[in-house]
Each structure stands twice: as C-alpha cells, then as structure tokens.
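**Q** missing the sequence, but the structure's below:
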C-alpha cells in the first residue's frame, strides 16, 4: 500500500525551473532544458524574425537565441549580471536559446498545485501555486513556434 | 548471422550490374554483332542471377536466368540480335529494377512473376532454333552432373587438417557418447560465387536442421567476415547418415562439392597426438609430416587450380576492376565532422598565437602552427576527395531515358554527354539526378521540335540534346540544353499576364531575362498539353529549389529557333571552404573565395549611375555596386568615405561589387547551419565559428547577382 502511494506521488510531481521575465515568474518544465548559460556574445543575423536576437556559439555548435520579451510584446531585454540564456532542446528542431532576466530556483509542483484554465494566454498552459507565489507555466512548444 | 546484412551490398552491386547491362544493350543496339558486348551482357546477367539466388530472390533469379539463356544462344550464334529483342531486354531490365526497388523498400522482391517477359524470352530461344533450344538446355546440365561426379571421386577432406581445441574435442566426445554420429565435412564453393559468406551461412543453416555443428575451420567469425578461400570445414554431430548432410548442404546453390565421412573420436585424437609428437620431434620437417596426414589433398587443389586458370581466361575481356573500398557515407560524414572540429581548434590556435609578442619561443610556436595549418588543409582536401564521386553514376542512365523518350514522343533525338568524370561531393551527386532528369525531359518534350518542323526549318532531322559537365573554380557547372525551338519570350510574357503572375505594366518593363526567369516560378508550366513526361506545372520551380537546397543555382539562356541551355552551378563541397573575411562596422562576414574575382579600392567620384543604381566602370565592364551595410540593415555611416573597398564577385558572366568597411584576410572556415528555427533569408547561407570563438555569418553572394 505504501509503495503504491509513492508511485502516485512520483507520477504527479513535475520539476520546473523558475525564471523572471519582467516582474512575472515563469516556470519551464525541466525536461525541456538542456543547459543554462550566462549571457554571452550574440551575433546579430540580418533579416530574420524580429523576435530572434541572433545566434551564439555553444561549445562549437551554432544555437539561435530568441527573446521571450520580444515575442510577448514586452519592452526589450536589458542584459544584467543576472541575465541567463536557457537552452531548450526539442527533438525535432534541435537546440534554441531563450533569454531570461534571472533564474530563481527549481520547484516541485504536483498536479493539484497547478490550475489549468483555458484563457491563460498563448504561451501559458497553467498556473502553479508555490507557497504564496504564482508561477506561470510556459508551454515551450508555443513559445518557440514561429506562428504563435 | 543473417542474410540481411548483405542486402546493401546486394543492392549496390545489382544497381551496378543493371547500369552495365543497360549500357551494353544500348551499345548492342548500334552494333548488334559485337561479341565483346554480348559476352559482357552474358556475364552481367549471370552475376545478377547468382546474386539474386544467393539472397533467395527466386523470381528475380528466374528472370535473369532466362535472360542469360537468350544470350547463351546469341553467343553460340544461334540467334541474331534484333530490335524486338532489344526492346524486350530493356523491359526485362525495368522489371529487374522493379524487383530491386521492392527489395530496397521491404527487403523482399515482391510477388510480380513477370511471366509474360519470361515467356517472351523463351519464345526467342524457341523461335530461333526450335528443338535445339531444349536440348541445349539439357546438355550443360548433364555436363555439370558429370563434372560433379568426377569431383566426388577426388578427395578434399580438408577437415582432417585443422587442429581441434580441447573444448571442441570434448564436444565431439560428448556427442559420440550420446550415441550420435560425428562427421567431418569440407564444403567447396564455386569460384564464381560472389557472396561466399552468405553461401556458407546457408549451408550452416541447412545442416543445422539435421545436426549440431561442433567445430568450424576457419572460425565461424572468419567465415562470417569472408576470411576464407573457396572451402571451409566443420565437424557435425547428427543422427542421420552422412549422405543426408551432404545432400542438404549441396542443395544450397553455388556449392561445388561436399566431401566428408564419419569420424571416430579415438582415431581423431590418436592422429592429432601423433602429429603433435612428430612436429615436436622434428619441427623443420613439419610440412612433410603434414602431407601424409592428408594424403589425397593434392587431388582437390589440382582441379581447383585448373578451374581458376579457366576462370582467368574468361575474365581477360573484362574491364579492369578498380581497387576500391565501399564505405558507408555516414562514416565519411563523421570523419568530415572531425576534420571540421580540428580546423576550428587550429583556427583558435592561430588567433591565440597572433596575440603573443615576438620572442623566439613564440616564433617557434608560430612556425609549428603554420605547419599544422598546412597539414589540416591537406587533410581536409583528402577527406573531401574521398567524398567526391564522378557524376557518371547519375548521368549514365540518361542515354537510355532519351532513347525511350525518343520512341514515346516520336521525335528523333540524340544525347551528347561530356565530362561524365567530373566529380562532386557524394551528397550532391545523390540529389542532382532528379533535377537533371527533369531538364533533359524538358528539352526532349518541349525543347525539340517534331521531325517535320525541324526539316522545314532546315535543321538536321535528328535533334540534339547535350549535357556538359566541367569544373570552374570551386564550382561544378552542368549545362543541359538542346538545339530546339528555344523559349518564346512573348508567349511566356502573355501567359504570365494571363495567369496574373505579373501585371501588364510590369510585363512592359521586364527584361527578356527576367521574363524567362518567370519559368522558375511555382506552377508555371508552358506545356500546351499535359503529357506524362512534362507539363504538370511541377517542374522548373522544383528543379530550382532542389538545386538551391544544394547551395547551387540554375540559369537559363535561350534563343528563339536555336535552342535553350540551362546552366546548373553547384559548389564542390558543402562543409569547409576558403573564405575572405570582411568587416562591416563591428560585424564580421565571410565571402567564399571561389566567387571573388578581385578586390578594388575605388574613389567615391568613380561611382556612376545607371537607372538610378550605383555602378562602377572597371576595365571595360559596368559592375553594379551593392552597399552591404545597407543590404544588411546597418545604420548609415556618419562621415562620408572618400575611398571604398569593393570586393568584386562573379557568377558566370554576372558581376557585382560589394562595398565593405574593411578586409580581415583569408581563412579556412567550417560552414554551419543556422538551425531550424531561424527563417532562412537566403543572403546568409550559414555561420562559422572563428578562432576566438566568435560567430561570423557567411554571405551567399550568388543570390546578389
């Protein structure tokens, strides 16, 4: 019986990395994250989608870097010491970097702590409640989708 | 072990033989009496039959067998090659190709028996020499039997020669104790056999159904790797008689002979011990002591040697086979990637060493780095050369295609090809076939006029289509064209306006070249009626996008009434290039050295205007200027320059002058893709990582001209 309970708990809890974009906390499902790197030189590429900042060299590989702020229509990124690039790896299209203002912590959220409502905006698939804080959970596929 | 591992070899070799057959049959059509060609066809059909049989593709084997029979008759001069026979043979080739395609897709030949073809083939044999055909077929069979029997009497019990390990001896004893018979067996494979290991595998599979193999010589691994001559031996434990084992082994095709007998453990051990003792006593005489151990052995090698001689005689006419190794393209890709990594590492050493100041040690480091640079460049060239294959493998099928088209369209035409030995990167060659085929079909279908029109126009009745390939700098050029009607520019213009592709006003101002280029727009087909050859509106646009995907481009030149030529330009290599690094403000860009013709320093006053566009007049040529800073969305410079650095790039006859801020020098760069997220804007063909880890973009100047 005890065993059974453990299993259920393991199934339901997901780990999220909490990042700051503007004054809002966002959670990214840890399974998508390949790496988190400090801000580094990003090479501008002319005539591409405006929400892309350019490309960077990640240990010998070229990775394109997008601005989630530009995509969400917020004011442009301001790079500080706390800025980070989250490297997301998707099976089909490979690696992509997303610039965030700050990386906060890793949280465990069980399904009961997540509120799933339909009208939460294009890039969010749920709201996580962690203590007093609310964390908007990013739908990564929508964030990197060119048409979204 | 399993036959499927031979599938790739089978597919490769079958394609080669098919191509060879196709070439030969084409040759035969023009010169039906050529004995060399006939022999070559016979051999190719025979090899195909053997390979199909080995892989267990019965239908394919059957068809090729009958083709071989027909040629047997031609060879012995009983029937003559004629036009219906050539047509039939081509149909057979198509059928075999059908089998091959099935094999490629599903590892199975499919269920098409091609009975009609087989019947027609047999008709040829019967028609030409009636009764003789049947008896001729029997005669060699009988002969074979005789030969076999003759061999049986010879002894080749090589299994006696191999030494058994202790565990193997143990197994033999065990089997004997369990009341089973143990047989020593030596199997001889026919010398012509192409997939010896597969044969051996089939033999093992067959005999293991009646018994259990206790020991192999050579080892099963060596047999699997084909590390043996034409025979192999094994000990097997079974309840059945030796004859049964011999029969199942012989049932496998291409097995020449199976010899063996029951062996007793005691005798075996005694013999081996005796040998060992003798060998220990007189090591120098070992070769002699082995002779009595296999007294009859020489009998077997003798006929074998004779056969080898005979084999040599028949192969004299064969073209010299090249000394090549088949390598999986993936392995080459891995190798290429590693070379790329090495070059990036070398580049970072170069940039580190240029920072150091000039004491004696840094001079030494510098020298070594220069040496390293030469080595990596050579290495890269070698790897590239390994990846290069002649385009022959692709274009070789075209003469046959044109021949078929000629019949289908009822137009007389001939294909002239040059430069089939021009080499290109393997990946490019694999993908260039379809576009070229399309251009040729285009020429045949709506390039060339019909016979009457040609005569009326005073042209030779037979239309010519040509395909010329050659290397030009870092590019390979393939021209495909015809001496037909040419493109009617006015007709294209009207069609474009009619379809709403361009407006009436646009049509007025467009140059002839721009109009012709409309043909490359999607869904723009000029064919008046749709045939299954061309005219479905999927055509030139696909050709263009296929070629562009390979980093190349295509141009068309036409003269009404005289013909049309498509010029396809392809890069020699895809991965590593020599590039000129240029600066625009604080950004660095790479331009492929191959497309640069020269670099000029030009005073601003020399800029002239043509149609409100900046041009320079250089050594008799008017060259349009392209301000890269403007093109690449930089802020305009605040202060006016007095002189401009202009990189002159060239594509065929087109030239352009690219204005840059500064030059940084030449460098070997590794081309990397921008990835799948960024929408390709065509001006940037990729990126590269510089020695200091910084990223520079690669300009594709071909799209600027």
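**A** In hand now; what should we look at? Only a predicted model underlies this, so the values are computations on that prediction, with no experimental measurement involved.
**Q** wait, a helix at residue B:60?
**A** Yes. Residue state for residue B:60 (DSSP: H, G, I helix; E, B strand; the rest coil) corresponds to a helix.
**Q** tell me the secondary structure at the residue nearest to residue B:346 when sequence neighbours are not counted.
**A** Once flanking residues are discounted, residue B:346 sits nearest to residue B:376: 5.1 Å by C-beta to C-beta, 6 or more residues apart in numbering or on different chains. Where you see a C-beta, it was placed from the backbone N, CA and C, and this is true even at glycine. Here residue B:376 is recorded as helix under three-state DSSP.
**Q** how about the one 4 residues further on?
**A** Remark: residue B:380 carries the secondary structure label helix [criterion: three-state DSSP].
**Q** list the contacts for it?
**A** B:339, B:343, B:576, B:668 (C-beta atoms under 8 Å, 6 or more residues apart in numbering or on different chains).
**Q** if we use 10 Å, what do you get?
**A** Shown in contact with residue B:380 (C-beta atoms under 10 Å, 6 or more residues apart in numbering or on different chains): B:336, B:339-340, B:342-343, B:573, B:575-578, B:668, B:670.
**Q** can you tell me the helix or strand for the residue nearest to the spatial centre of chain A?
**A** Nearest to the mean C-alpha position of chain A, by C-alpha atoms, centre = their mean, lies residue A:28 at 4.1 Å. Secondary-structure assignment from DSSP states H and E places residue A:28 in strand A:24-29.
**Q** beyond that strand, next helix or strand please.
**A** In N-to-C order, the element after strand A:24-29 by DSSP H and E is strand A:33-38.
**Q** rounded mean pLDDT for that next one, please.
**A** Average pLDDT, strand A:33-38: 93.
**Q** state the next helix or strand along the chain beyond that strand.
**A** Using DSSP H and E, the next helix or strand after strand A:33-38 towards the C-terminus is strand A:52-58.
**Q** any part of that following strand near chain B?
**A** Yes. Part of strand A:52-58 sits near chain B under the criterion C-beta under 10 Å from any C-beta of the partner chain, namely A:52, A:54-57.
**Q** about what we covered before: check contacts around the residue nearest to the centre of chain A.
**A** If you count contacts by C-beta under 10 Å, 6+ apart, residue A:28 has them with A:15-19, A:36, A:86, A:88, A:98, A:100, A:103, A:135, A:137-140, A:143.
**Q** returning to what we had before: make TSV from the contacts of residue B:380 and add distance to residue B:520, secondary structure and pLDDT to it.
**A** Putting the contacts of residue B:380 into TSV (distance: C-beta to C-beta, whole Å; DSSP: H, G, I helix; E, B strand; the rest coil; pLDDT from 0 to 100) gives the following:
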residue	distance to residue B:520	secondary structure	pLDDT
B:336	31	helix	81
B:339	35	helix	85
B:340	33	helix	81
B:342	39	helix	87
B:343	36	helix	84
B:573	25	coil	67
B:575	27	coil	68
B:576	30	strand	74
B:577	26	strand	80
B:578	30	strand	84
B:668	33	strand	82
B:670	31	strand	82
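**Q** turn the residues you listed into TSV, including neighbour count and distance to chain A.
**A** Formatted as TSV, the contacts of residue B:380 follow (neighbours: other C-beta atoms under 10 Å in any protein chain shown; distance: C-beta to the nearest C-beta, whole Å):
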residue	neighbour count	distance to chain A
B:336	21	15
B:339	20	13
B:340	21	9
B:342	16	11
B:343	24	11
B:573	22	19
B:575	21	14
B:576	21	14
B:577	24	16
B:578	16	20
B:668	19	16
B:670	22	9
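**Q** about what we covered before: how big is the angle separating the strand holding residue A:28 from strand A:33-38?
**A** Per axes from the mean of the first three to the mean of the last three C-alpha atoms, to 10 degrees, the angle that strand A:24-29 makes with strand A:33-38 is 140 degrees.
**Q** quick one on the thing from earlier: any idea how far residue B:341 is from the residue nearest to residue B:346?
**A** Per C-beta to C-beta, to the nearest Å, residue B:376 is found 11 Å from residue B:341.
**Q** among those two, which residue is more densely surrounded?
**A** Per other C-beta atoms under 10 Å in any protein chain shown, whichever of residue B:376 and residue B:341 has more neighbours is residue B:376, with 18 against 12.
**Q** would you confirm that that one contacts residue B:338?
**A** No. The pair residue B:376 / residue B:338 is not scored as a contact, 11.3 Å apart, by C-beta atoms under 10 Å.
**Q** out of the residues of strand A:52-58 next to chain B, which is most surrounded?
**A** residue A:55 (25 neighbours).
**Q** quick check: bridge partners of that one?
**A** In this structure, residue A:55 bridges to residue A:43, residue A:64 when assessed by DSSP bridges.
**Q** got a pLDDT number for residue B:135?
**A** For residue B:135, the pLDDT comes out at 42.
**Q** so how far is the strand holding residue A:28 off the chain centroid?
**A** Taking the mean of its C-alpha atoms, strand A:24-29 sits 6 Å from the chain's own mean (C-alpha atoms, centre = their mean, to the nearest Å).
**Q** ok, and the closest non-adjacent residue to residue 14?
**A** No chain specified, so I'll use chain A. For residue A:14, ignoring the flanking residues on the chain, the nearest one in space by C-beta to C-beta, 6+ apart is residue A:109 at 5.8 Å.
**Q** wrong chain, I was asking about chain B
**A** In space, residue B:14 comes closest to residue B:100 once its chain neighbours are excluded; the distance is 5.4 Å by C-beta to C-beta, 6+ apart.
**Q** before we move on, back to that, name the nearest of the contacts of residue B:380 relative to residue A:81.
**A** residue B:670 (32.6 Å; C-beta to C-beta).
**Q** I figured that closest one was touching residue B:578, is that so?
**A** No. Taking contacts as C-beta under 10 Å, residue B:670 lies outside contact range of residue B:578: 11.5 Å.
**Q** rewinding a little: look up how far residue B:253 lies from the residue nearest to residue B:346.
**A** 51 Å.
**Q** over to residue B:480?
**A** For residue B:480, the distance to residue B:253 - C-beta to C-beta - is 44 Å.
**Q** and what of residue B:654?
**A** Distance, residue B:654 to residue B:253, by C-beta to C-beta: 61 Å.
**Q** and residue A:66, which helix or strand is it part of?
**A** Here residue A:66 is assigned to strand A:61-67, by DSSP H and E.
**Q** I am finished for the moment; much appreciated.
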